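Peer 1: next input, structure requested:
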Amino acid sequence: MLTAFTAGLLLITVSELGDKTFFIAMCLAMRHRRRYVFAGTVLALAAMTILSVSLGQVISLLPKDVTHYAAIVLFVAFGIKLLYDADQMSPECRHHTLAAEDDYVECASDAEREAIAAVSQAEVKLKKKTPFAICSEAFVLVFMGEWGDRTQFATIALAAANNPVGVTLGAIAGHTICAAIAVIGGKLIAGR
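Peer 2: Okay, the predicted model is just below:
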């Protein structure tokens with residue numbers, strides 16, 4: 001169980017930083033109270049983790065060789081995609097500063113642009129900024145943003161090959177760490 005917990009914690013913490021849901025939480029924290037954004041974000045990520053682990057348990061019913069090699073292929077594919085995305089960035093964007101917002105939007109990654117667009121659309125529809133409305137907005141945006149995400153597939157693969165309780169607890173802990181970083185970072189950026 002400790003191995004599954006550690007694998008879930010490390011994998012999610014490393015791969016969730018800079019993810020679309022990370023930027024959604026950051027953008028929301030720039031506009032609303034941190035505790036409500038944090039609560040909605042963590043609840044959404046925990047719900048997605050539980051769904052992913054459940055799906056991983058169903059997949060674990062397949063022969064072990066199939067799940068083992070499928071997990072290897074998925075992790076290699078995600079690694080290649082991350083390297084490809086980094087290679088496609090222009091040199092100016094790799095070393096840009098946040099001096100001008102226009103430069104930032106030009107250099108923003110797809111995840112950042114998608115997060116900004118999703119939050120902007122949701123903000124238009126948000127009538128009352130009650131704690132429940134803010135928490136619900138964070139929950140819905142993050143939950144929907146996590147569907148088909150690389151961390152979802154990674155969690156499914158981990159749960160198929162490891163102890164599901166350990167993976168669930170580790171992944172939720174990793175998501176909580178990343179959500180805290182995003183929310184605190186968003187508030188610090190908004191303060192400047």
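Peer 1: other SSEs contacting the longest helix seen in the chain?
Peer 2: For the chain, the helix with the greatest residue count under DSSP state H is helix 164-191. If you count contacts as 3 or more Cβ pairs under 8 Å, 6 or more residues apart in numbering; DSSP states H and E, helix 164-191 packs onto helix 2-16, helix 20-31, helix 34-59, helix 150-161. Backbone N, C-alpha and C define where each C-beta goes, glycine included.
Peer 1: what's the closest of those to Tyr69?
Peer 2: helix 150-161 (10.8 Å; Cβ to Cβ).
Peer 1: any residues touching the closest one, and which ones?
Peer 2: Contact partners of helix 150-161, identified using Cβ atoms under 8 Å, 6 or more residues apart in numbering, comprise 4, 7-8, 11-12, 15-16, 19, 48-49, 52-57, 59-60, 62, 67-68, 70-71, 74-75, 78, 81, 146, 167-168, 171.
Peer 1: distance of the residue of the chain most remote from its centre from Leu51?
Peer 2: Most distant residue from the mean C-alpha position of the chain: Pro63, 29.5 Å away (Cα atoms, centre = their mean). Taking Cβ to Cβ, to the nearest Å as the measure, Pro63 falls 23 Å from Leu51.
Peer 1: can you pull the contacts of Leu74?
Peer 2: Phe153, Ala154, Ala157.
Peer 1: what does the pLDDT read for it?
Peer 2: As predicted, Leu74 sits at a pLDDT of 75.
Peer 1: nearest residue to Trp147 in space, please, no chain neighbours.
Peer 2: In this structure, Trp147 finds its nearest non-sequential neighbour in Met48, 7.7 Å apart by Cβ to Cβ, 6 or more residues apart in numbering.
Peer 1: show me what contacts the one you found?
Peer 2: So Met48 contacts Phe143, Glu146, Trp147, Gln152 (Cβ under 8 Å, 6+ apart).
Peer 1: cutoff 7 Å now
Peer 2: Phe143, Glu146, Gln152 (Cβ atoms under 7 Å, 6 or more residues apart in numbering).
Peer 1: thanks again, I'm all set now.
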